[in-house]
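**Q** got a predicted model here, sequence first, then my questions.
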Amino acid sequence: MNFNEPTLDYAGLSPVIALTVGLCVVLLSAVFKPVRRSAPGLTLLVLATAAGLLIWQWGDPKDLVSGALRIDDLSVAISLIAILTAGFCVLLSIREPATEQAGLGEYHALLLGSVLGMVLLAEAQNLVTFFVAIETLSIPLYILCATNLRREGSLESGLKYLIVGSLGSATLLYGMAFLYGGTASTDFAGIATGIAHKGMLDDPLILVGIAMCAVGLAFKTSIAPFHQWTPDVYEGAPTPITSFMAVATKAAAFAVFVRFFDVALGPQVDEWQPALAVLAAVSIVVGNVGALGQDSLKRLLGYSGIAQAGYMLGGIVVASESGVSALVFYLAAYAFMNLAAFAVIIARERETPFGDDIRAMRGLGAERPLLAWPLTISMLALAGLPATAGFIGKLYLIEALVESDYTWLGVFIAIGTMISLGYYLRVVATMWMRPEGGPATTPAIAGASPEADPIDPEAGKRLYLVGPALLAAAATVFFGVIPQPLVEFAERAGSSLF
């Protein structure tokens, strides 16, 4: 009997190998005292190496590990967004109490573990790989949400995310089992063949499987009505981790969402399109209306993320190259918009007694203009105002929807944008129209929570916070005024799937 060894493309697998090896090195750095404090630097080095290896594979699509993974421009684009977000998270985590309480090495190793899951998820084209990747992504995040051990809200956040995330994963796995039973295949291409042969509506097993997979993915991407965990988890988790979850988790989950529906379920697109369109519309309404009454900025951005997920889902509903391109563009723009906002929130959390409450932003325009401008640009971009990447992204999505005869969903995006002005402009008004030296900037800490972290009056001047905020805001404006480089990047990603 002859043994045929499997063929491994080490060049294609190099980003995954780099992240895996880097994760082990960063974790081991906690053991050796001389390099114990070097975990953030090592993490940035690992992320930069993985990003370089991904760029090396740009334009060279190939199947990996017997077709279980596929590296193409779509997976490279989404992986780069996740790695960029993780790099920002490392900078925003400097002097974060959670890193000391969890351990520098352990904290950053968990972060790399989640990024590894995201890269695998973006490349997955097999149900088994899909599930393994989504759990590799999620399990470190359950722990990271609870790493601020002295805050009850952080521990509650981790527990809630664990329970709801496990429910979503169980639903997803059950749906996968139905799909396998109905199509006799775990590969996305094999599932597409099985569905085309039997017909989705003619086989209840396949229909139930698709519905349960859609529900599981909706949990992961915060799509209403499966969004209930999002505001609570965002509010309770350490803010650097919230910023990472808000962007990177969405990017990776939407990558597999689009690959699953447009590849595995492509033959029956007319059957699932209306259902996803309704979910997108519900998410837009629930997210925007829910954000209107929020005083916590993290909860506000949580509800905003639900609405934004509804906009992004429109790119999948279209089921075309233009839809996927619009989705990738919006995910990249969303990364810059959100990271600018969270960097400012972290700075104000550390220098005022009000945490992430909107009161912490009073007088920010006069007191800290280098923080006020990034947050202003972020809010205007998230609202979709012109001269920002958010405006171009929404325009791109609406154009794709109109071309695919889903004009009514484009109208929902426009209406949601108008509603969102009610809470985004409220934040801007608080920064620029409230007097300097209000309660948020006085030394008295009468309103502080007994579990609040120590206050650093100079946090708003720290380069590791101000720098990322300014950089993300500048990118938001640059790609709003000169969108062509990002458009070409998104179009390359979209064309790789069709």
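**A** Yep, it's here. On a predicted model such as this, the values are computed, not experimentally measured, just so you know.

**Q** can you show me the strands along the stretch 251-400 of the chain?
**A** With DSSP state E, counting those that start in this stretch, there are no strands along the stretch 251-400 of the chain.

**Q** got any ranges where it has weak pLDDT?
**A** Along the stretch 251-400 of the chain, segments meeting pLDDT under 70 are nowhere present.

**Q** ok, 90 please
**A** Along the stretch 251-400 of the chain, the model assigns pLDDT under 90 to residues 260-273, 293, 318-321, 350-356, 363-368.

**Q** quick one: the helices in it?
**A** Listed from the start of the chain, the stretch 251-400 of the chain has helices (DSSP state H, counting those that start in this stretch) covering 269-291, 297-318, 321-351, 364-367, 369-383, 389-403.

**Q** what is the helix or strand containing Leu179 packed up against?
**A** The secondary structure element spanning Leu179 is helix 152-183 (assigned by DSSP states H and E). In terms of contacts (3 or more Cβ pairs under 8 Å, 6 or more residues apart in numbering; DSSP states H and E), helix 152-183 is packed against helix 127-145, helix 188-198, helix 204-221, helix 229-236. Placement of C-beta: from N, CA and C, glycine included.

**Q** so which bits of the third one are buried?
**A** I take that to be helix 204-221. By neighbour count, with 16 or more other Cβ atoms under 10 Å as the criterion, the buried positions of helix 204-221 are 206-210, 212-221.

**Q** likewise the first one?
**A** The neighbour-count criterion (16+ other Cβ under 10 Å) identifies 127, 129-145 as the buried residues of helix 127-145.

**Q** who touches the closest residue to Leu110 other than its chain neighbours in this structure?
**A** For Leu110, the nearest residue in space outside its immediate sequence neighbours is Pro140; the separation is 4.0 Å by Cβ to Cβ, 6 or more residues apart in numbering. The contact partners of Pro140, by Cβ atoms under 8 Å, 6 or more residues apart in numbering, come to Leu110, Leu111, Gly113, Ser114, Gly117.

**Q** relative to Thr249, how far out is Pro140?
**A** Pro140 sits at a distance of 11 Å from Thr249 (criterion: Cβ to Cβ, to the nearest Å).

**Q** out of the helices and strands packed on helix 152-183, flag the one nearest Asp456.
**A** The minimum distance between Asp456 and those falls on helix 229-236, with 21.0 Å, by Cβ to Cβ.

**Q** tell me what that closest one is packed against?
**A** Helices and strands touching helix 229-236, by 3+ Cβ pairs under 8 Å, 6+ apart, are helix 152-183, helix 297-318.

**Q** which of these is buried the deepest?
**A** helix 297-318 (a mean of 27; mean count of other Cβ atoms under 10 Å).

**Q** got the angle between it and helix 321-351?
**A** Using axes from the mean of the first three to the mean of the last three Cα atoms, to 10 degrees, the inter-axis angle of helix 297-318 relative to helix 321-351 is 170 degrees.

**Q** could you list every helix and strand in contact with helix 297-318?
**A** Secondary structure elements in contact with helix 297-318, counted by 3+ Cβ pairs under 8 Å, 6+ apart, are helix 204-221, helix 229-236, helix 239-244, helix 250-259, helix 269-291, helix 321-351, helix 389-403, helix 407-433.

**Q** and the first one, C-alpha only, in CSV?
**A** Provided in CSV are the C-alpha atoms of helix 204-221 (Å, rounded to 0.1, in the frame of the first residue of the first chain):
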residue,chain,number,x,y,z
PRO,A,204,-37.4,20.7,4.6
LEU,A,205,-34.0,19.4,5.9
ILE,A,206,-32.1,21.9,3.7
LEU,A,207,-34.6,24.7,4.4
VAL,A,208,-34.3,24.3,8.2
GLY,A,209,-30.5,24.0,8.0
ILE,A,210,-30.2,27.3,6.0
ALA,A,211,-32.5,29.1,8.4
MET,A,212,-30.6,27.9,11.5
CYS,A,213,-27.2,28.9,9.9
ALA,A,214,-28.6,32.3,9.1
VAL,A,215,-29.7,32.7,12.7
GLY,A,216,-26.3,31.7,14.0
LEU,A,217,-24.5,34.1,11.8
ALA,A,218,-27.0,36.8,12.7
PHE,A,219,-26.1,36.3,16.4
LYS,A,220,-22.4,36.8,15.5
THR,A,221,-22.9,39.9,13.4
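
**Q** what about it, average pLDDT?
**A** Helix 204-221 comes out with an average pLDDT of 89.

**Q** got the angle for that helix vs helix 188-198?
**A** Using the same axes, to 10 degrees: helix 204-221 against helix 188-198 is 140 degrees.

**Q** can you check the second one too?
**A** Counting by the same axes, to 10 degrees, helix 229-236 lies at 160 degrees to helix 188-198.

**Q** dump the helices and strands packed on helix 229-236 to CSV, plus distance to Arg348.
**A** Output for the helices and strands packed on helix 229-236, formatted as CSV (distance: least, Cβ to Cβ, whole Å):
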stretch, distance to Arg348
helix 152-183, 17
helix 297-318, 9
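
**Q** can you tell me how far Leu301 is from Val411?
**A** Using Cβ to Cβ, we find Leu301 at a distance of 25 Å from Val411.

**Q** same deal with Phe32?
**A** With distances defined as Cβ to Cβ, the gap from Phe32 to Val411 amounts to 59 Å.

**Q** more neighbours: which of the two?
**A** Looking at Phe32 and Val411 with other Cβ atoms under 10 Å, you find the greater number of neighbours at Val411, namely 14 against 10.

**Q** so what's the more buried one scoring on pLDDT?
**A** The score at Val411 is 94. That number is its pLDDT.

**Q** distance of it from Val402?
**A** The spacing between Val411 and Val402, counted by Cβ to Cβ, is 10 Å.

**Q** what do you get for Leu497?
**A** Here the distance between Leu497 and Val402 works out to 21 Å (Cβ to Cβ).

**Q** which of those two has more neighbours?
**A** With neighbours defined as other Cβ under 10 Å, Leu497 and Val402 compare such that Leu497 has more, 21 against 15.

**Q** next up, phi/psi of that one, please.
**A** The phi/psi pair for Leu497 (degrees, to the nearest 10) reads phi -100, psi -20.

**Q** same check on Asp63?
**A** For Asp63, the backbone dihedrals are phi -90, psi 140 (criterion: degrees, to the nearest 10).

**Q** give me the neighbour count for it.
**A** By the measure other Cβ under 10 Å, the count of residues near Asp63 is 15.

**Q** same thing with the one 3 residues further on?
**A** By the criterion of other Cβ under 10 Å, Ser66 has 11 neighbours.

**Q** how close does it sit to Asp187?
**A** Counting by Cβ to Cβ, the gap between Ser66 and Asp187 amounts to 9 Å.

**Q** what does Pro386 give?
**A** Per Cβ to Cβ, Pro386 is found 44 Å from Asp187.
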